[in-house]
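1. Take a look and give me a structure for this.
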Amino acid sequence: MNVYECTALTGGAANALDAISWSVAADGDMAFVTVSQRFYVFRYDASSSAAESTAAHPYTIKPDDAGANNGRWKEATAAIVESDFNHDSLTGFVANEHIDWTNATSNFVTTGSVTLNNSAATYPVDLACSRAGAQYIRILHSANQSIGNMIQRNQSGGSYNVQWLYYIPNNQTRLQWFTDGAAGIAMYLTADAGNLYILGDCSAASFTDRTPMFAGDAVAAIRNIAAKSDTVDGRGWGDMDHSTLPDGVLIETVEDKKTVRRRNLSNMVSLLTRGMQEIIGRIEALESR
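-> Below you'll find the model as predicted:
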């Protein structure tokens, strides 16, 4: 048995597999071919008359001088056990190579990172689910719950993010949108309490709430609400003095170990509604005298 070493499959040039003469090759001869970091193994079949083909594996190579004679180089096939490979040592993949996991019987698992760089596809990552029952797409982060996971879109002049994170020290789980870093948080939803926080203006066609109605002395409660005197501008507007808000309207939360005061607008509407009713009652009483 002869063994040949080649650096091309076809073309007829020196060291090409098809340049090995039909009159020299013998049944059972072996050839090893290395092309662009790919390694092929061929065995010569002296009885084969198959058409030459390199469109799909296993390849068939016909000697250039075979003419109408039999004799073809047939690509050898082998059973490759995936666990035999040291995946950390796999290098040298070219741009159009890929791993097809379509018919895999087990999950694709990696302890490293996966980078996708595609400037042409509309959907470079397309997850298709076809199970009849419930299916979920999960991002798990079990080692450090203070970090969370992030999906980020970058472009020149800004960074637009959707971020899942476990907020410390309050242990809030957030779905968060922010631009140009954490200082530019635009909106976040707390999964534990279901609260939605918007740091800028909020505009909507309508708002529906489930606010309780106030039944106390609304006029007295409203009378004490004031602005901080040292913040009032020439137009008469100033910062809210939250200490003057009545119970139920004043909301106090602890964020980053600091007490933060806010106004509950829904309860404020109920308070104002009750206050208007009280004023209407007083006006009607005066009119009936």
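
2. and the helix or strand encompassing residue 221, how far from the chain's centre?
-> Assessed by DSSP states H and E, residue 221 sits inside helix 218-223. With C-alpha atoms, centre = their mean, to the nearest Å as the basis, helix 218-223 stands 51 Å off its chain's centre.

3. which residue ranges form the strands in this structure?
-> 3-6, 30-35, 38-45, 60-61, 72-75, 149-155, 158-167, 172-179, 185-190, 196-198, 250-255, 258-263 (DSSP state E).

4. Tell me who's in contact with residue 244.
-> Taking C-beta atoms under 8 Å, 6 or more residues apart in numbering, we find residue 244 in contact with 224, 225, 226. In short, each C-beta sits where N, CA and C put it, glycine included.

5. Now which of these would you call buried?
-> Neighbour-count burial (16 or more other C-beta atoms under 10 Å) applied to those gives residue 225.

6. which one of the strands of the chain has the lowest average pLDDT?
-> Note on the strands of the chain: lowest mean pLDDT is at strand 158-167, with a mean of 56.

7. Just give the number of residues close to the closest residue to residue 69 other than its chain neighbours.
-> Among residues not flanking residue 69 along the chain, residue 22 sits closest, at 5.9 Å (C-beta to C-beta, 6 or more residues apart in numbering). Residues lying near residue 22 (other C-beta atoms under 10 Å) number 18.

8. What distance do you get for residue 22 to residue 242?
-> To residue 242, residue 22 is 95 Å away according to C-beta to C-beta, to the nearest Å.

9. picking up where we left off before, packing partners of the helix holding residue 221?
-> Under the contact criterion of 3 or more C-beta pairs under 8 Å, 6 or more residues apart in numbering; DSSP states H and E, helix 218-223 touches helix 265-287.

10. now the helix it packs on against strand 250-255, angle please.
-> On the basis of axes from the mean of the first three to the mean of the last three C-alpha atoms, to 10 degrees, helix 265-287 is oriented at 170 degrees to strand 250-255.

11. what comes up buried for helix 265-287?
-> 267, 268, 269, 270, 271, 274, 275.

12. Measure how buried the nearest residue to residue 1 once chain neighbours are set aside is and give me the count.
-> In space, and not counting its chain neighbours, residue 1 is closest to residue 28: 5.3 Å by C-beta to C-beta, 6+ apart. Neighbour count for residue 28, taken as other C-beta under 10 Å: 11.

13. Surely residue 28 is in contact with residue 43?
-> Yes - using C-beta atoms under 8 Å, residue 28 is in contact with residue 43, at 6.7 Å.

14. tally of neighbours for the closest residue to residue 25 other than its chain neighbours?
-> Once flanking residues are discounted, residue 25 sits nearest to residue 44: 4.8 Å by C-beta to C-beta, 6+ apart. A count of nearby residues for residue 44, using other C-beta under 10 Å, gives 25.
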